[in-house]
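Colleague: only geometry, no sequence info:
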């Protein structure tokens with residue numbers, strides 16, 4: 001008995017110490033994420049000078065910009081990473097008009113993860129049908145959102161206009177409250193100097209190119225590690241939130257999807273949690289649908305955080321593209337989920353896909369390869385003809 005009474009407190013102390021160290025590591029990784037985003041912006045400025053727009057002329061076609069976002073996110077499997085990179089690129093001169101379709105493409109690319117997770121149920125026909133429909137409702141909603149909002153954006157620029165207005169308010173307020181003191185620039189200067197020094201020995205534009213590559217590599221590493229640590233710290237709590245809130249109605253499901261994604265800093269983790277539960281019958285497709293929409297909102301927090309790394313004249317456009325990501329997802333929900341005649345369309349699309357996949361497993365491979373890789377590449381080829 002005495003041995004047990006002394007062992008338990010010691011175990012608790014070790015667990016608490018490990019938890020504190022993990023949170024300190026998360027804080028350090030977030031700091032490095034901000035530094036990496038800033039490095040990408042600085043690298044583009046160093047490499048291109050005032051010619052950044054010419055550098056991205058190849059993506060002047062919005063279809064190509066959209067496909068770049070889809071393919072990059074499908075390959076990296078993290079919209080948080082891709083949007084953070086886009087924030088840095090915008091700070092370095094990437095035009096907003098090109099960045100907006102890229103962000104929309106990232107929303108489509110990230111839905112590949114849940115589709116891959118559903119393959120874990122492929123041996124059980126009925127389970128696989130439920131899991132695949134829960135996964136592809138994410139694909140269907142995001143594709144429909146882009147199909148509606150990209151033409152609207154090209155014609156009327158609602159996202160660009162609204163995000164520019166909001167960014168102007170927020171940047172102005174921050175400037176006034178800080179009384180001209182650039183807090184973020186001062187905070188990030190040590191890490192920025194180290195990264196710049198690591199590439200500064202290269203001649204001419206190559207130092208800028210190297211700084212871009214270092215920044216992208218660092219973002220890939222940092223976002224992966226943050227996700228891994230937060231999954232260890234928070235997935236148990238996330239599962240409790242998920243089980244208690246998802247079945248209570250659309251508003252609760254959407255809010256829980258947002259909260260869980262913010263907690264684990266990864267929409268891919270969020271969908272990886274819900275799809276197996278849908279496959280096993282714990283949640284219905286009707287319950288999963290709003291939860292997954294909430295994950296779309298929650299994943300925008302990374303780009304908003306990344307935008308705080310940008311200072312000076314580029315701060316406004318960096319915050320603007322981060323807000324575009326948030327506004328795009330909110331507007332998509334308002335247009336599709338809140339309008340009765342559109343609400344069930346992603347569900348019907350997902351159920352149709354799931355029935356086809358249940359009947360013929362080869363359809364699954366064709367769907368994944370076609371939607372996320374072959375079709376985007378074909379669209380790039382066709383767009384070049386016009």
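Modeller: Okay, I see it. All values reported here derive from a predicted model rather than from experimental measurement.

Colleague: and the helix or strand harbouring residue 268, what does it pack onto?
Modeller: Using DSSP states H and E, residue 268 maps to helix 267-279. If contacts are counted by 3 or more Cβ pairs under 8 Å, 6 or more residues apart in numbering; DSSP states H and E, helix 267-279 sits against helix 112-118, helix 125-156, helix 205-245, helix 250-264, helix 285-298. Yep, even glycine has a C-beta here, placed from its N, CA and C like the rest.

Colleague: nearest to residue 38, of those?
Modeller: helix 205-245 (7.8 Å; Cβ to Cβ).

Colleague: span of stretch 272-292 from start to end?
Modeller: The first and last residues of stretch 272-292 sit 10 Å apart, counting by Cα to Cα, to the nearest Å.

Colleague: buried ones in that stretch?
Modeller: Neighbour counts over stretch 272-292 (16 or more other Cβ atoms under 10 Å) mark 272-279, 282-283, 285, 287-292 as buried.

Colleague: now do it, average pLDDT.
Modeller: Mean per-residue pLDDT for stretch 272-292: 86.

Colleague: distance between it and the chain's centre?
Modeller: Relative to the centre of its chain, stretch 272-292 is centred 20 Å away, using Cα atoms, centre = their mean, to the nearest Å.

Colleague: for that stretch, give me every contacting residue.
Modeller: Applying Cβ atoms under 8 Å, 6 or more residues apart in numbering, the contact partners of stretch 272-292 are 113-114, 117-118, 120-121, 127-128, 130-131, 133-135, 137-138, 141, 235, 238-239, 242-243, 246-247, 250-251, 253-254, 256-257, 260, 270-271, 337, 346-347, 350-351.

Colleague: so which helix or strand of the chain has the lowest pLDDT on average?
Modeller: Sorted by mean pLDDT, DSSP states H and E, the helices and strands of the chain end with helix 52-55, the least confident at a mean of 50.

Colleague: name the surrounding residues that touch the next helix-or-strand element following it.
Modeller: For helix 52-55, the succeeding helix or strand toward the C-terminus, using DSSP H and E, is helix 62-76. Defining contact as Cβ under 8 Å, 6+ apart, one finds that helix 62-76 is touched by 58-59, 79, 81-82, 85-86, 97-110, 112, 146, 150, 154, 220, 372-373, 376-377, 379-380, 383.

Colleague: buried ones in helix 62-76?
Modeller: The neighbour-count check on helix 62-76 (16+ other Cβ under 10 Å) flags 62-74, 76 as buried.

Colleague: now swap in stretch 297-316 and tell me
Modeller: Judged by neighbour count (16+ other Cβ under 10 Å), stretch 297-316 contains these buried residues: 297-311, 314-316.

Colleague: among the contacts of helix 62-76, which are in helices?
Modeller: Assignment to helices by DSSP state H places the following of the contacts of helix 62-76 there: 79, 81-82, 85-86, 97-110, 112, 146, 150, 154, 220, 376-377, 379-380, 383.

Colleague: check contacts around the residue nearest to residue 100 when sequence neighbours are not counted.
Modeller: Nearest residue to residue 100 in three dimensions, chain neighbours excluded: residue 324, at 5.5 Å (Cβ to Cβ, 6 or more residues apart in numbering). Applying Cβ under 8 Å, 6+ apart, we find residue 324 in contact with 96, 99-100, 103, 159-160, 163.

Colleague: now residue 324: which helix or strand?
Modeller: Assigned by DSSP H and E, residue 324 belongs to helix 315-332.

Colleague: between that helix and helix 285-298, how big is the angle?
Modeller: 170 degrees (axes from the mean of the first three to the mean of the last three Cα atoms, to 10 degrees).

Colleague: what comes up buried for helix 315-332?
Modeller: For helix 315-332, a neighbour-count test (16+ other Cβ under 10 Å) marks 315-329, 331-332 as buried.

Colleague: contacts only, for residue 368.
Modeller: Residue 368 sits next to 112, 115-116 when contact means Cβ under 8 Å, 6+ apart.

Colleague: and whichever strand or helix holds it, which residues are buried?
Modeller: Here residue 368 sits within helix 362-369, counting by DSSP H and E. With burial defined by 16+ other Cβ under 10 Å, the residues of helix 362-369 counted as buried are 363-364, 367-368.

Colleague: cool, stretch 153-163 as well?
Modeller: So stretch 153-163, judged by 16+ other Cβ under 10 Å, has buried residues 153, 159-160, 162-163.

Colleague: thought residue 296 was touching residue 142?
Modeller: Yes - the criterion here is Cβ atoms under 8 Å, and residue 296 meets it with residue 142 at 7.4 Å.

Colleague: which one's more surrounded, the two?
Modeller: Taking other Cβ atoms under 10 Å, residue 296 and residue 142 do not tie; residue 296 has more neighbours (30 against 26).
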